[in-house]
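A.B. asks: Sharing a model that was predicted from the sequence below.
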Amino acid sequence: MDRAMTAILPDDEGLALTRERFLTAEAVEPDQVREAILASWWRSREFHVPADRIDLPYTSEQNLDTPLIRGAAPVLERLGDQLEGQPISLILTDPSGIVVSQRTGDTDLHRHLEHVELVPGYSYGEQFVGTNGIGTALEDGRPTYVFGHEHYAEHLENLACAGVPIQHPITGKTIGAVDLTCWRKDAGGLLVALARTTAEQVRQALLTHSNLRELVLFQSYLQACRRTTGIVMAFNKDIVMMNDSARQLLAPADQTMLLSRANQELAETRRATATVTMSSGNKVRMVCRRVKGHRDGDIAGGVLTVKLIDTDDNAPAPSSTPMLPMFLPGVVGSATPWLQASHEVDRGFSRGEWLVLAGEPGTGKFTLARGVHQRRNPAGRLHVLDAARVTPDWPEDLRRELVEDPVDALVIRHVDRLAGPDVRTLVSVLAEAPRSTWVTVTLTADTDADPGLLALFPRTVAVPPLRRHAEDVADLVPLFLSRLAGGGQLTCSPAALHLLMRASWPGNVTQLYRVLKQITKRRRTGTIVPTDLPAEYHALTRRPLNRYETVERDAIVRGLEDADGNKVRAAKLLGISRATIYRKIHEYGIVTADR
């Protein structure tokens, strides 16, 4: 065994004890097992995978005439010939982990793999067998090596395996995995490298097997990307492609809506232009065109370009390139939805506009207003009144802050909770207030605020929920930990952060802060690991979705909404079978009413 692999292989005896402690619900320190393996163990536990036996589902009817199998066959055959007689197995699976082919050059190893059902037809998905090179690679979406007692199931502990997901060269969608498995004692540094090389060779082979319609569409997509730095998307009934601008500037729901609109337009005409309103309220101009196939009358798909439109004549035209970051004191966040709200509030302040900040509870409406004020007027006075806690002194408080001794900025929170007389008092005092005082009110989105009050505020800015800019969790966690740890050096491990970023956060940023506050009551130094998180966060086992899968998931959600949660009707609307929609609902973790 070479030195490089020796360095990454865990101590076998110590790892066996660590695994035993985990299986008996004892505490496991983060330095006792690799983070990726520990995260997989947690998922395996949530899947209720049996650790003492192999019990896998079997698929008797498999389609062996797929692009993956056709492209991989010559690659695996060449490698198999080179490894003939060696104790190593070459395994190819579909995207769910079902083994479609297995070639082993050693009789003893082949017999053992049959015993543990690592043969065609059986699924080695992580939800069935726990931590392993195939299922864990597909779950994490990245190359994975699992050695000996790192396996969750004890019958696999004498094996070593390296699995690598295979992405389609055009769509980027995961279409399977290649895995190299050998005896643990024979594992060497070349195992991982060879698995990576094999997966790349299969990907290249798939490019040569791609049909002409896909290649024609891909070429048209690349040409459109070269002509503009803006938003570009290409699609047909099988694939969706989009550039970084589309991914960064468009919310998933907007991506789905634009693709649906373009599909409708191109069904009637060869080229179309339309103005579309996005979920944020911003408008875009969409230009889409058909892409001809290689035969007369054949349509390869469609390409659309999107340009953002600023409907406010006084506002600077938005750039087609990703939005520049904005520094606000005490505020973090670089995701596009958060930056859009930040820039809107900043523009409102610079014009002296009074603003309504609308959003779900806990999204950071007050924090955003305070950050913009401190950026623009750091020496100015900012005061806060909470309309949810109105006292008999409410009229006097308003007059003091706005008329008698006007502050530089006033934030009035929860104005949607004001009763009739108190609303009229606020409207009356605001009418007397000097425009030099920047007034901002906050309210919960989709609530009915008094029209007379809203008439005094020319613009409403929507503050996005945390689930729409979940990538900002990576910035929020260190910020909150620095405040909560009381001077201690407390960090968050990548595995724990990954779980936090995948949560839905119905309570938004406030909920995240409370979770971290509870953790810091028990731990104030060191590193937060998955075991430190509340139990509900361990169940978040869904892997990050690629662009195509995100569009597909949102289309299913929209179909279910249109069908009032009826899965059979939604399947008909989407043009898919009932079996497919049930599988996709489970695969994407979509929560809906059982109908």
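C.D. replies: Noted; the coordinates are in hand. Numbers count the residues shown, from 1 in each chain.
A.B. asks: hey, let's count contacts and neighbours off CA atoms from now on
C.D. replies: Will do.
A.B. asks: So, low pLDDT: which residues of the stretch 201-350 of the chain?
C.D. replies: Scanning the stretch 201-350 of the chain with the threshold set as pLDDT under 70 gives 209-212, 279-281, 294-297, 310-324.
A.B. asks: can you give me the helices in it?
C.D. replies: When secondary structure is read from DSSP state H, counting those that start in this stretch, the stretch 201-350 of the chain shows helices at 212-227, 244-249, 252-266, 336-351.
A.B. asks: Rebuild the ones you listed as JSON lines, extending it with mean neighbour count.
C.D. replies: Below are the helices of the stretch 201-350 of the chain laid out as JSON lines (neighbours: other Cα atoms under 10 Å):
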{"stretch": "helix 212-227", "mean neighbour count": "17"}
{"stretch": "helix 244-249", "mean neighbour count": "18"}
{"stretch": "helix 252-266", "mean neighbour count": "19"}
{"stretch": "helix 336-351", "mean neighbour count": "20"}
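A.B. asks: who wins for proximity to Val291 among these?
C.D. replies: helix 212-227 (6.5 Å; Cα to Cα).
A.B. asks: helices or strands next to the closest one in the packing?
C.D. replies: In terms of contacts (3 or more Cα pairs under 8 Å, 6 or more residues apart in numbering; DSSP states H and E), helix 212-227 is packed against strand 231-235, strand 283-292, strand 299-309.
A.B. asks: picking up where we left off before, tabulate the helices of the stretch 201-350 of the chain (TSV), appending distance to Lys567.
C.D. replies: Shown next, in TSV, are the helices of the stretch 201-350 of the chain (distance: least, Cα to Cα, whole Å):
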stretch	distance to Lys567
helix 212-227	31
helix 244-249	29
helix 252-266	19
helix 336-351	31
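A.B. asks: Looking at the ones you listed, spot the one closest to Ile556.
C.D. replies: helix 252-266 (10.2 Å).
A.B. asks: one step back: of all the helices of the stretch 201-350 of the chain, which one is nearest Gly507?
C.D. replies: Per Cα to Cα, nearest to Gly507 of the helices of the stretch 201-350 of the chain: helix 336-351, 16.4 Å.
A.B. asks: Extract the C-alpha trace of that closest one and format it as CSV.
C.D. replies: This file holds the C-alpha atoms of helix 336-351, laid out as CSV (Å, rounded to 0.1, in the frame of the first residue of the first chain):
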residue,chain,number,x,y,z
THR,A,336,-29.1,37.4,-5.3
PRO,A,337,-32.6,37.6,-3.6
TRP,A,338,-31.0,39.2,-0.5
LEU,A,339,-28.9,41.6,-2.5
GLN,A,340,-31.9,42.7,-4.6
ALA,A,341,-33.7,43.7,-1.4
SER,A,342,-30.6,45.4,0.0
HIS,A,343,-30.1,47.4,-3.2
GLU,A,344,-33.8,48.4,-3.3
VAL,A,345,-33.7,49.7,0.3
ASP,A,346,-30.4,51.5,-0.3
ARG,A,347,-31.9,53.2,-3.4
GLY,A,348,-34.9,54.2,-1.3
PHE,A,349,-32.8,55.8,1.4
SER,A,350,-30.6,57.7,-1.2
ARG,A,351,-33.8,59.2,-2.6
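A.B. asks: Need the helices and strands packed on helix 212-227 in TSV (columns: distance to Phe327).
C.D. replies: Converted to TSV, these look like this (distance: least, Cα to Cα, whole Å):
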stretch	distance to Phe327
strand 231-235	25
strand 283-292	26
strand 299-309	23
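A.B. asks: Please identify the most buried of those strands.
C.D. replies: strand 231-235 (a mean of 25; mean count of other Cα atoms under 10 Å).
A.B. asks: what's the angle from that strand to strand 283-292?
C.D. replies: Interaxial angle, strand 231-235 versus strand 283-292 (axes from the mean of the first three to the mean of the last three Cα atoms, to 10 degrees): 40 degrees.
A.B. asks: Helices of the stretch 401-550 of the chain, residue ranges please.
C.D. replies: Using DSSP H, counting those that start in this stretch, helices in the stretch 401-550 of the chain cover 420-432, 451-454, 473-484, 494-501, 508-520, 547-562.
A.B. asks: export these to JSON lines and tack on distance to Ala251, mean neighbour count and mean pLDDT?
C.D. replies: Shown next, in JSON lines, are the helices of the stretch 401-550 of the chain (distance: least, Cα to Cα, whole Å; neighbours: other Cα atoms under 10 Å; pLDDT from 0 to 100):
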{"stretch": "helix 420-432", "distance to Ala251": "35", "mean neighbour count": "15", "mean pLDDT": "91"}
{"stretch": "helix 451-454", "distance to Ala251": "28", "mean neighbour count": "12", "mean pLDDT": "86"}
{"stretch": "helix 473-484", "distance to Ala251": "17", "mean neighbour count": "17", "mean pLDDT": "91"}
{"stretch": "helix 494-501", "distance to Ala251": "17", "mean neighbour count": "20", "mean pLDDT": "84"}
{"stretch": "helix 508-520", "distance to Ala251": "17", "mean neighbour count": "17", "mean pLDDT": "93"}
{"stretch": "helix 547-562", "distance to Ala251": "10", "mean neighbour count": "18", "mean pLDDT": "71"}
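A.B. asks: Could you dump those helices into TSV with distance to Leu68 added?
C.D. replies: Shown next, in TSV, are the helices of the stretch 401-550 of the chain (distance: least, Cα to Cα, whole Å):
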stretch	distance to Leu68
helix 420-432	65
helix 451-454	58
helix 473-484	36
helix 494-501	30
helix 508-520	41
helix 547-562	18
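A.B. asks: Test of understanding: give the bridge partners of Thr440.
C.D. replies: Leu355, Val411 (DSSP bridges).
A.B. asks: related to what we said a few turns ago, out of the helices of the stretch 201-350 of the chain, flag the one nearest Thr24.
C.D. replies: helix 252-266 (41.1 Å).
A.B. asks: Dump the closest one to PDB, restricted to CA.
C.D. replies: Written as PDB, here are the backbone C-alpha positions of helix 252-266 (Å, rounded to 0.1, in the frame of the first residue of the first chain):
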ATOM      1  CA  PRO A 252     -36.000  28.500  -9.300                       C
ATOM      2  CA  ALA A 253     -39.700  29.300  -9.500                       C
ATOM      3  CA  ASP A 254     -38.800  32.100 -12.100                       C
ATOM      4  CA  GLN A 255     -36.700  29.600 -14.100                       C
ATOM      5  CA  THR A 256     -39.600  27.200 -14.300                       C
ATOM      6  CA  MET A 257     -42.000  30.000 -15.200                       C
ATOM      7  CA  LEU A 258     -39.800  31.300 -18.000                       C
ATOM      8  CA  LEU A 259     -39.200  27.800 -19.500                       C
ATOM      9  CA  SER A 260     -42.900  27.100 -19.400                       C
ATOM     10  CA  ARG A 261     -43.700  30.500 -21.100                       C
ATOM     11  CA  ALA A 262     -41.000  29.900 -23.800                       C
ATOM     12  CA  ASN A 263     -42.400  26.400 -24.400                       C
ATOM     13  CA  GLN A 264     -45.900  27.800 -25.000                       C
ATOM     14  CA  GLU A 265     -44.600  30.600 -27.300                       C
ATOM     15  CA  LEU A 266     -42.500  28.300 -29.400                       C
END
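A.B. asks: tell me the angle it makes with strand 231-235.
C.D. replies: Using the same axes, to 10 degrees: helix 252-266 against strand 231-235 is 60 degrees.
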